[in-house]
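Asker: got a sequence here, can you model it:
(chains A and B)
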Amino acid sequence: MALPERKTDIGPPNYKKFLPPIIEKNYGKWAYHEILKQGIMVHVAESGDKIFTVRAATPRLLSIETLRLYADLADKYCDGYLRFTSRNNVEFLLTDEAKCEPLKKELTKHGYLVGGMGNAISNIVHTQGWVHCHSAASDASGVCKAIMDDLHGEFTGMNLPGKLRIAFACCLNMCGAVHCSDIAVLGIHTKVPKIDHNELPKVCEIPTLVSSCPTGAIRPANVEGKKSVEIEDPQCMYCGNCYTVCPSVKINNPEGDGISIWVGGKVSNARHEPMFSKLAIPFLPNNPPRWPEVVEAVSKLVKVYAANARKHERMGEWIERIGWPKFFQIAELPFTKYHIDDFAHAGETFKRSTQLRH
Amino acid sequence: MSEKKKATPLLDELEKGAWPSFIKEIKKEAKRPMVQDLLGVLETSYEERTGHWKHGGLVGVMGYGGGVIGRYCDLQEEYPEVSEFHTIRVNQPAGWFYTSDSLRTLCDVWDKHGSGLTNMHGSTGDIIFLGCKTEALEPTFSDLTQAGFDLGGSGSAMRTPSACVGPARCEWACFDTLDACDNITQSFQDEMHRPMFPYKYKFKFAGCPNDCVASIARADMTIIGTWKDEIQIDQKEVRAYAKNGTDIKAEVCKLCPVRCIDWDGKKLEIDDSECLKCMHCINVMPKALRPGKERGATILIGAKAPIIGGALLSSVLVPFIEMKAPYDDLKELTEAIWDFWGEHGKNRERVGEFIQRVGLGTFLDEIGLDPVPEMITHPRTNPYIFFDEELEDDDEDDE
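Answerer: Numbering: from 1, shown residues only, chains lettered A, B, ... in the order given. Presented below is the predicted three-dimensional model:
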């Protein structure tokens, strides 16, 4: 049998093929939406047509067995139409309101919690971690699972002052909007990489390696007659960029790798402009399989925010209103020299006025 | 597969608890030797508190320079079935819409060739097929393209563009995010599949300033919907919100960043000339308020995560643009940026870092945009101005 003709550059299938008829009919003509209860919302079109969305959490890492389950559920409840969200939730698109509750029940029965809408915690956006990444300072899926096992009530409930977005990245590469999240959990390396001088000349390009270092800490060097590199230790801030371009510069280190926690970022333009997350806790130990120190720290931050922020205030807006000194005080977090920026433009983060609360 | 199945007491802990478990997902495919070995490697990582994957290697499908991420295990003797465990990025349909049949098609392809494990979706937006042997790459690709799917981007290329749900199911979409995303993706297939840039270049299309795809934090080319005219008000519905318990003065007026909205108990008034299009009042009262009718987008440029020179948010490049197919203005602007950055950008220098190095003024000159005050938070405070050798005469055009 002849092979089929090889196709390239066809691009993704056009989304229009996958839109339910009610969306085709009301495309661009939606009037408003309402969250009916946590995890179920309705969009009403100018025509009066209604589409109901049931949103469920996924662990992002999904087996094809589960995807086939989602397909079967979509067939059973909504003519086969579903989508995924930018935070890795699955959404079923229904036209029959009466089917929302039975679908919710069935999703819950299979272990996929329904929720994540409005003033709540949505799914944690996260990276690959030890499941698949070379530069991971920590696992990702496991930490997120442990955090959400503790906080799942904030996904299925709607009791927070505002939206709370948690994100996790397993190293400074930050594959995910970690740097602009209400709570960012970030795996970090804290030790200078160890160099395998025997292997390096065989597998790495030295000029590429030297130029990969953002602080210029890596220099070409002759080590025992071998062409290799040396690292100026005090200049290294453990970004791991060198390891990505050269596997002989080993950044992973079970003793030094751990987790940091950052707060107060957002991407939405609502009220306050978008903000970066700022350092709250410089280092917590990597403690698999359940990372109790990390879970406790995140959980406490959520509680402190919930108890103190005003309605609609995001974490960063609340902190900006009360000031960082008060935040560290009521969150009961020690403030250390590590919280003070010392990279490029650090001076812009110093307090340059006498406007202080005493 | 290792001769003796490794026990996974640490991973088994993560099958407990209320939140959906990724370990349960992995175990659903554990009948495959490859997935059995994945569990072994992962348990080892949990024991040793370190990863066991290596990056890189030139691996992919014929004629493409991207779409596949080479991944190898450093415990190849113990776990030979995952010695090659590559990622395939499959370009998602815009807005992540599927039918049950299209989802089953993807499952069938991956059932036949790979681990049966996916990410729905990867951080950039692709469907991720997690764990493919080198020899299975080309057959997987062949079956995918026969089914109408193609690979996404990787490396120093245009990365797979992504879009929010847009006008398909959101009343706030100020332009057609799905059409724009699909159009740009289809128009730049070569730039996506054959890396030729200094570094990655991401597009994200958000329909309104709520930015549900984190475009301002994560895309080199950030397109966020906005409007120019008055917010549409339904006074009857405003009164209904008040009656149903919304404290409009406290929850809406007081939180408006420029306090351009007022409520006297009967009528809501907005001074639209002052409005920053932040979305807050619309978010609180979606039934009563809607964005204006003269809609388009703001284009911003340069966001990135910390590696290498520090994290950046995108900044304004075009304050307002009409977003109508076939998006010629956006494409021309993109190509001008790619020409200049492509020629002068350093290896692994994102366009945001490049702009900081050469200066936004120079960048605008080169891509043919005029400077406007919307691009900055304030003019420079330092007097180190690098004047052009010949100051242009205001009365004369350049040429």
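Asker: least confident secondary structure element in chain A?
Answerer: helix A:241-245 (a mean of 87; mean pLDDT, DSSP states H and E).
Asker: can you tell me if stretch B:362-375 touches chain A.
Answerer: No. Stretch B:362-375 does not reach chain A (C-beta under 8 Å from any C-beta of the partner chain); its nearest approach is 13.5 Å. Quick note: C-beta positions are derived from backbone N, CA and C, even for glycine.
Asker: tell me who's in contact with residue B:10.
Answerer: Contact partners of residue B:10, counting by C-beta atoms under 8 Å, 6 or more residues apart in numbering or on different chains, are A:288, A:289, B:43, B:46, B:47.
Asker: what about the last one, distance to residue B:15?
Answerer: Summarising the geometry, the distance separating residue B:47 from residue B:15, computed by C-beta to C-beta, to the nearest Å, is 17 Å.
Asker: can you check residue A:16 too?
Answerer: 40 Å.
Asker: likewise residue A:358?
Answerer: Going from residue A:358 to residue B:15 by C-beta to C-beta gives 52 Å.
Asker: residue A:292 now?
Answerer: From residue A:292 to residue B:15 the distance is 18 Å (C-beta to C-beta).
Asker: got it, and residue B:112?
Answerer: With C-beta to C-beta as the criterion, residue B:112 and residue B:15 are 28 Å apart.
Asker: what does residue A:42 give?
Answerer: Per C-beta to C-beta, residue A:42 is found 35 Å from residue B:15.
Asker: now do the helices in chain A.
Answerer: A:21-26, A:64-78, A:100-109, A:141-151, A:153-156, A:200-203, A:206-211, A:241-245, A:292-308, A:315-322, A:324-330 (DSSP state H).
Asker: same check, this time on the stretch 101-250 of chain B
Answerer: B:134-146, B:177-187, B:189-193, B:215-218, B:235-243, B:248 (DSSP state H, counting those that start in this stretch).
Asker: mean neighbour count, these: which tops it?
Answerer: helix B:215-218 (a mean of 28; mean count of other C-beta atoms under 10 Å in any protein chain shown).
Asker: buried residues, stretch A:320-339. List them.
Answerer: Of the residues in stretch A:320-339, A:327, A:331, A:333, A:339 count as buried by neighbour count, 16 or more other C-beta atoms under 10 Å in any protein chain shown.
Asker: gap between the two ends of it?
Answerer: With C-alpha to C-alpha, to the nearest Å as the measure, stretch A:320-339 spans 16 Å from end to end.
Asker: do stretch A:214-233 as well
Answerer: Length of stretch A:214-233, first residue to last, C-alpha to C-alpha: 13 Å.
Asker: model confidence over that stretch, on average?
Answerer: For stretch A:214-233, the mean per-residue pLDDT is 93.
Asker: just to revisit the earlier point, can you redo the helices of the stretch 101-250 of chain B as CSV with distance to residue B:287 and mean pLDDT?
Answerer: Below are the helices of the stretch 101-250 of chain B laid out as CSV (distance: least, C-beta to C-beta, whole Å; pLDDT from 0 to 100):
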stretch, distance to residue B:287, mean pLDDT
helix B:134-146, 43, 97
helix B:177-187, 23, 98
helix B:189-193, 40, 98
helix B:215-218, 26, 96
helix B:235-243, 5, 98
helix B:248, 13, 98
